[in-house]
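# curious how this folds, go ahead:
(one chain, ligands or ions: 2)
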Amino acid sequence: MLHISTRGEAQPLTFTDALLAGLARDGGLYVPEAWPSLAPDRIADFAGRPYAEVAKAVLGALVGDEIPAVELGRMVDEAYSTFRHPAVCPLVQIGDNLFVQELFHGPTLAFKDVAMQLLGRLMDHVLAVRGQRATIVGATSGDTGSAAVAAFAGSPRVDVFILYPHGRVSEVQRRQMTSVPDANVHAIAIDGTFDDAQALVKAMFSNARFRDEMRLSGINSINWARVAAQAVYYFTAAVALGAPHRQVSFSVPTGNFGNVLAGHVAKRMGLPVERLVVATNANDILARTIATGTYEVRGVIPTTSPSMDIQVSSNFERLLFEAYGRDAASVRGLMASLAQSRSFTVAPEPLAAIRRDFEAAAVPENEVADEIGRTWREAGYLLDPHTAIGVRAARRHLARAPAVPVVALSTAHPAKFPDAVERATGIRPALPPHLADLLERPERVTRLPNDAAAIERFIRAEARAVTGRAA
Ligand SMILES: Cc1ncc(COP(=O)(O)O)c(C=O)c1O
Ligand SMILES: N[C@@H](CCOP(=O)(O)O)C(=O)O
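Numbering: from 1, shown residues only. Ligands and ions are numbered 1, 2, ... in the order given. Below is the predicted model of the structure:
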């Protein structure tokens, strides 16, 4: 199966080429040239099956036969054996027709592990088969970076450079990135916001000379494989609640739009998803866009859900591509307007198409704390601030449409954000045993300015994988 760029000017690539490429050379994002579909009886067969089995079926359809099923199956089994819960992504009921799907049982306590544990193995496999090495660059507001560090630390085939906004991630997130001793891992604190870090990563990919020289690969959700792997848990949750015989809605704490886009992918593959609720914090660009049609970047507001302190939401481009009937020229026009004037307006028909599947809710800071407290009092269940946003948005949706079950995706363990949880409930959640000494581990980080040239210089000097330098 080939993958095409949302901007239509890059060469179509196979799954493994798109996996290594990350961002397309025309600045666009890769998507499959056609959506594979799973018949209702195939989806019904997922009921009661282990998570890894469902992952093999869903990913098998998305990957095609480029990676032999036995190899893909081995990587899937290994990836999900690193999770601390036997169901991998279990469902918990916290109210009438209100469920939480816990996506945080992986090594770094956030939903990013679900895709990253597999991505690490996929990249390693493809690089080994090709006898190649790569330099991974990623931007993070805290969780993608820690998940990537856990997935790639010690790999002989890759060096990993993670850019995070200095002072804008939680202490647990920062230490997960800075306390790893492996020489192939580099945490870089930049002066700026996550949007700045993401723009730096995109600038490095746009520098063709640097990209080729360093063999750049990306681990953000601009990488199609990340989104593909995240589609799986929509299937396991919906089937547990009666799909394909019953519709299910999802409420998704949203920043870079990768997670909720994976829900859209599951729907395109045949899963009966009624609504996808895009739940944002005070950085409400997506809620404003879905309400008004105008995507307008404003300054980033720091909140208690720092991983969602994002304005430039990369994967929205993939949704625009679908909503515009896969018209790459229209997407190019919107992205040019974004680059020039920090805004664009979605035309009426594509906006109506988006609104048929998606709705949005922006949750202000005071309601985040209130929701953590309420869910603790009413259900005895601790939410992290990101998940609280999803649950609050789910409650608003249920008030209007109580008949269809809603799954709020729980994107982080409460112990990753203990201060906010303690303020709201009086309870300070403890880190699980494998991270119990995290706050005592020595840290290693490089502080760099928000300047692509300075960061490229640093990466050139430090990368071993493509230069063959010894560790
Ligand atoms: C804990 C947490 N929740 C939600 C999000 C938002 O997810 P997405 O960027 O896929 O929309 C992120 C990061 O992106 C996150 O780390
Ligand atoms: N919240 C994310 C931001 C990057 O998102 P990604 O899904 O595109 O990698 C983070 O924690 O880094």
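
# longest helix in this structure, by number of residues?
Longest helix of the chain, by residue count under DSSP state H: helix 112-130.

# got the residues of the stretch 101-250 of the chain near ligand 1?
110, 143, 221 (CB under 6 Å from any ligand atom). Placement of C-beta: from N, CA and C, glycine included.

# relative to ligand 1, which of those is nearest.
Among those, D143 lies closest to ligand 1 (CB to the nearest ligand atom), at 3.3 Å.

# quick check: residues of the stretch 201-350 of the chain near ligand 2?
So the stretch 201-350 of the chain meets ligand 2 at 220-221, 255-256, 258, 307, 314 (CB under 6 Å from any ligand atom).

# determine which two of those residues are furthest apart.
The two members of these with the most space between them (CB to CB) are S307 and S314, at 14.3 Å.

# before we move on, the earlier item: the residues of the stretch 201-350 of the chain next to ligand 2 in helices, which ones?
G258.

# that older thread, could I get the residues of the stretch 101-250 of the chain next to ligand 1 in a markdown table, plus columns for pLDDT?
Output for those, formatted as a markdown table (pLDDT from 0 to 100):
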| residue | pLDDT |
| --- | --- |
| A110 | 98 |
| D143 | 97 |
| S221 | 96 |
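
# redo those residues as a markdown table? Include neighbour count.
Formatted as a markdown table, these follow (neighbours: other CB atoms under 10 Å):
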| residue | neighbour count |
| --- | --- |
| A110 | 27 |
| D143 | 29 |
| S221 | 24 |
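
# wait, which of those residues is closest to H3?
H3 has its nearest neighbour among those in S221, at 14.6 Å by CB to CB.

# show me where the stretch 101-250 of the chain has its strands.
Per DSSP state E, counting those that start in this stretch, the stretch 101-250 of the chain carries strands over the ranges 134-139, 158-165, 185-190, 216-218, 248-253.

# any chance of those in a markdown table, with mean pLDDT too?
Putting the strands of the stretch 101-250 of the chain into a markdown table (pLDDT from 0 to 100) gives the following:
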| stretch | mean pLDDT |
| --- | --- |
| strand 134-139 | 97 |
| strand 158-165 | 97 |
| strand 185-190 | 98 |
| strand 216-218 | 97 |
| strand 248-253 | 98 |
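
# next, format those strands as TSV and append mean neighbour count.
Formatted as TSV, those follow (neighbours: other CB under 10 Å):
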stretch	mean neighbour count
strand 134-139	28
strand 158-165	27
strand 185-190	24
strand 216-218	24
strand 248-253	28
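
# who wins for proximity to E367 among the ones you listed?
strand 248-253 (13.1 Å).

# helices or strands up against the closest one?
helix 224-240, helix 258-268, strand 273-280, helix 385-400, strand 406-410 (3 or more CB pairs under 8 Å, 6 or more residues apart in numbering; DSSP states H and E).

# neighbouring contacts of that strand?
234, 237-238, 241-242, 259-260, 263, 272-280, 305, 308, 361, 386-387, 389-391, 393-394, 397, 401, 404-409, 411 (CB atoms under 8 Å, 6 or more residues apart in numbering).

# try it again with 7 Å
Residues from elsewhere that reach strand 248-253 (CB atoms under 7 Å, 6 or more residues apart in numbering): 234, 237-238, 241, 259-260, 263, 273-279, 308, 386-387, 389-390, 393-394, 397, 404-409, 411.

# tell me the strands beside it, with direction?
Strand 248-253 has its sheet partners listed here by DSSP bridges as strand 273-280 (parallel), strand 406-410 (parallel).

# ok now the shortest one, how far from the chain's centre?
Chain-centre distance of strand 406-410: 15 Å, with CA atoms, centre = their mean, to the nearest Å.

# name the spans of this structure whose pLDDT lies under the cut-off.
Counting by pLDDT under 70, the chain has low-confidence residues at 467-468, 470-471.

# repeat the analysis, applying 90 as the threshold.
Low-confidence segments of the chain (pLDDT under 90): 464-471.

# just to revisit the earlier point, who's more crowded, S307 and S314?
Comparing S307 with S314 by other CB atoms under 10 Å, the one with more neighbours is S307, at 30 against 22.

# from memory that one sits against A139, does it?
No: S307 is beyond contact range of A139, at 11.9 Å (criterion: CB atoms under 7 Å).

# hmm, back to that, give me the contacts around the longest helix of the chain.
So helix 112-130 is contacted by 16, 19-20, 71, 75-76, 78-79, 82, 89, 103, 106-107, 133-134, 143-144, 147-148, 151-152, 155, 157-158, 217, 219, 225-226, 229-230, 233 (CB under 7 Å, 6+ apart).

# what helix or strand is R318 located in?
Element membership of R318 [criterion: DSSP states H and E] is helix 316-323.

# what's the PyMOL line that selects buried ones from the contacts of strand 248-253?
Buried residues among these (16 or more other CB atoms under 10 Å), as a PyMOL selection:
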select buried, resi 234+237+238+241+259+260+263+273+274+275+276+277+278+279+308+386+387+389+390+393+394+397+404+405+406+407+408+409+411
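
# report how many residues lie close to the nearest residue to E171 once chain neighbours are set aside.
Excluding its sequence neighbours, the residue lying closest to E171 (CB to CB, 6 or more residues apart in numbering) is L439, at 7.1 Å. When counting by other CB under 10 Å, one arrives at 11 neighbours for L439.

# in a helix, L439, correct?
Yes: counting by DSSP: H, G, I helix; E, B strand; the rest coil, L439 is located in a helix.

# quick check: it touching R174?
No: L439 sits out of contact with R174 when judged by CB under 7 Å, with a separation of 10.4 Å.

# OK, contacts around V466?
Contacts of V466 (CB under 7 Å, 6+ apart): 133, 135, 214-215.

# surely it is within a helix?
No: counting by three-state DSSP, V466 is not found in a helix; it is coil.

# what residues does the stretch 251-400 of the chain have near ligand 1?
253-259, 307-308, 386.

# JSON lines for the residues you listed, including distance to K416?
Listed next are these as JSON lines, based on distance: CB to CB, whole Å:
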{"residue": "P253", "distance to K416": "13"}
{"residue": "T254", "distance to K416": "18"}
{"residue": "G255", "distance to K416": "15"}
{"residue": "N256", "distance to K416": "17"}
{"residue": "F257", "distance to K416": "21"}
{"residue": "G258", "distance to K416": "18"}
{"residue": "N259", "distance to K416": "16"}
{"residue": "S307", "distance to K416": "9"}
{"residue": "M308", "distance to K416": "13"}
{"residue": "H386", "distance to K416": "9"}
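
# that older thread, what comes into contact with the helix holding R318?
Under CB under 7 Å, 6+ apart, the answer for helix 316-323 is 6, 29, 31, 257, 261, 264, 286, 331, 334-335, 350, 353-354.
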